[in-house]
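Enquirer: model this:
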Amino acid sequence: MALPAQVSVVIPAFNEAGSIAEVVRELRAEANWHEILVVDDASTDETASLAEQAGARVVRQPYNKGNGAAVKAGIRAATGEYLLIIDGDGQHKPSDAVRLVTHLGRHDLVVGARTSATQAGPVRHMGNTLLNWLAGYLAERKIPDLTSGFRAARLEQLREFLFLLPNGFSTPTTTTMAFIKAGYSVHFEPVEARQRIGHSKIRLSSDGVKFLVIILRVITIYSPMRIFLPVAGLSFGLGAAYAAWAIATEPRQITNWSVLLILFGVMVFLVGLVSEQLSAQRFDGRK
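Expert: Here you go, the predicted model:
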C-alpha cells in the first residue's frame, strides 16, 4: 500500500483561479503528500499565483498546450514514487484521493470511477456509456469510467507510456487502455464527483471522436486482432451469404461484390495476423 508521503500530486490547471487555491488547501489538510504540483497551462487569470500562495509548487507552461501536455509536464517534473492526478476544478474530494492511493501497490493504476448519479448531463453520460462499452469490448474487461482524469499510478510505469499520451483531453483514455493491454493491474474505485467550479472544457462533439480514435490507436498497438478480426469476419460473412443467395436464386452465378467482400475479409484477417506478430515482437523485451 502506498503512503501519501510517497505520492506526488499533479494538478493540470487552465484558468482555474476560482477553485485552485481551495483544491490545494484541501489536499494539504487531508494528508502529508510528497509534493503538490500545479501545472499552469498558460492561464490568463491568477491560477499560478493563487496555487503558489496555497502551498503548491507551480510548473508554468510558456503557452497553452492542452490538458494532456500539462499532465505530461507534471509526470516529468514529479519526484515521488507514485503519482496522483486530480482536476483543479474542485470536483474531486481529497478524502477520495487518499482512498485511491491506498490501493496502489496491490494495483498499478487506480482510477476514480464516477458513479452514474454524479456524472455530467444525460447526453454526456450516454456518450461516456458508449465509450465505456466499446473500450471494455476492445480491452476484454469491464470499464466503468474510461474518461475520468482522477487517477493514481506508479510514476515509473506512467513514464513508460509517455510517448503515447496526447496533448489534449484523451490522456485518461490512453493511460487506462495502455495499462490494461500491457497486462498491468487496473482497479476502478467508485467515487462521487462534486459540482465543478466553472464549466467543463471538454466538448462531446469534437473530443468524443478523439477519444474513439485514441481507443482504436492503443488497441492496434497492443491487441490489433480485437479490431481486425471482427471487420474481417463481417466482410467474409457478408460475402459468403451474398454468394450463397446468388447461387440459390441464379445457379452458377457468383456476383463480383460477393467475391470482393470475401477477398477483403481474407486480406484484413491476414493484415491483422501480421499486426499481431509485430505487436508481440515489439513488447517481447519489455521489462
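Enquirer: Which strands and helices lie in contact with the helix or strand containing residue 174?
Expert: Assessed by DSSP states H and E, residue 174 sits inside helix 171-181. Other helices and strands packing on helix 171-181, by 3 or more C-beta pairs under 8 Å, 6 or more residues apart in numbering; DSSP states H and E, are helix 67-77, strand 109-114, helix 122-139, strand 151-154, strand 186-191, helix 204-222. (Glycine included, C-beta is placed from N, CA and C.)
Enquirer: need the next SSE after the shortest one, C-terminal direction.
Expert: Proceeding N to C from strand 151-154, the next assigned helix or strand is helix 155-160, under DSSP H and E.
Enquirer: Next up, identify which helix or strand residue 265 is on.
Expert: helix 256-283.
Enquirer: Would you mark the buried spots in that helix?
Expert: Residues 258, 261, 262, 264, 265, 268, 269, 272, 275, 276, 279 are the ones in helix 256-283 that count as buried (16 or more other C-beta atoms under 10 Å).
Enquirer: What lies in contact with the helix holding residue 174?
Expert: Contacts to helix 171-181, defined as C-beta atoms under 8 Å, 6 or more residues apart in numbering, come from residues 67-68, 71-72, 108-109, 111, 131, 135, 138-139, 141, 143, 146-149, 151, 153, 157-158, 161, 164-166, 186, 211, 214-215, 218-219, 221-223.
Enquirer: and the helix holding residue 265 with helix 171-181, angle?
Expert: Computed by axes from the mean of the first three to the mean of the last three C-alpha atoms, to 10 degrees, the angle separating helix 256-283 from helix 171-181 equals 80 degrees.
Enquirer: mean confidence for helix 256-283?
Expert: For helix 256-283, mean pLDDT rounds to 85.
Enquirer: That helix packs against which elements?
Expert: helix 204-222, helix 225-249.
Enquirer: Recalculate using a threshold of 6 Å.
Expert: Helices and strands touching helix 256-283, by 3 or more C-beta pairs under 6 Å, 6 or more residues apart in numbering; DSSP states H and E, are helix 225-249.
Enquirer: Which positions within the helix it packs on qualify as buried?
Expert: 225, 226, 227, 228, 232, 235, 236, 238, 239, 242, 243, 246.
Enquirer: State the distance from residue 131 to residue 143.
Expert: 9 Å (C-beta to C-beta, to the nearest Å).
Enquirer: Looking at the two, which one has more neighbours?
Expert: For residue 131 versus residue 143, neighbours defined as other C-beta atoms under 10 Å are more numerous around residue 143 (23 against 20).
Enquirer: tell me the secondary structure for the more buried one?
Expert: coil (DSSP: H, G, I helix; E, B strand; the rest coil).
Enquirer: any idea how far residue 134 is from it?
Expert: For residue 143, the distance to residue 134 equals 9 Å [C-beta to C-beta].
Enquirer: what's the answer for residue 20, then?
Expert: 34 Å.
Enquirer: just residue 223 next, same as before
Expert: Counting by C-beta to C-beta - residue 223 and residue 134 are separated by 14 Å.
Enquirer: So for the two, which residue has more residues nearby?
Expert: It is residue 223, of residue 223 and residue 134, that has more neighbours when counted by other C-beta under 10 Å, with 20 against 17.
Enquirer: quick one, phi/psi of the more buried one?
Expert: When quoted as degrees, to the nearest 10, the phi and psi of residue 223 stand at phi -150, psi 70.
Enquirer: Can you report how many residues lie near the spatially closest residue to it that is not a sequence neighbour?
Expert: Using C-beta to C-beta, 6 or more residues apart in numbering and skipping the chain neighbours, the partner closest in space to residue 223 is residue 181 (5.6 Å). Neighbour count for residue 181, taken as other C-beta under 10 Å: 19.
Enquirer: Now tell me which helix or strand of this structure has the poorest mean pLDDT.
Expert: Here the helix or strand of the chain ranked lowest by mean pLDDT, DSSP states H and E is helix 204-222, holding a mean of 67.
Enquirer: what stretches of the chain score poorly on pLDDT?
Expert: The chain contains residues with pLDDT under 70 at 116-125, 195-208, 210-211, 214, 218, 252, 280-287.
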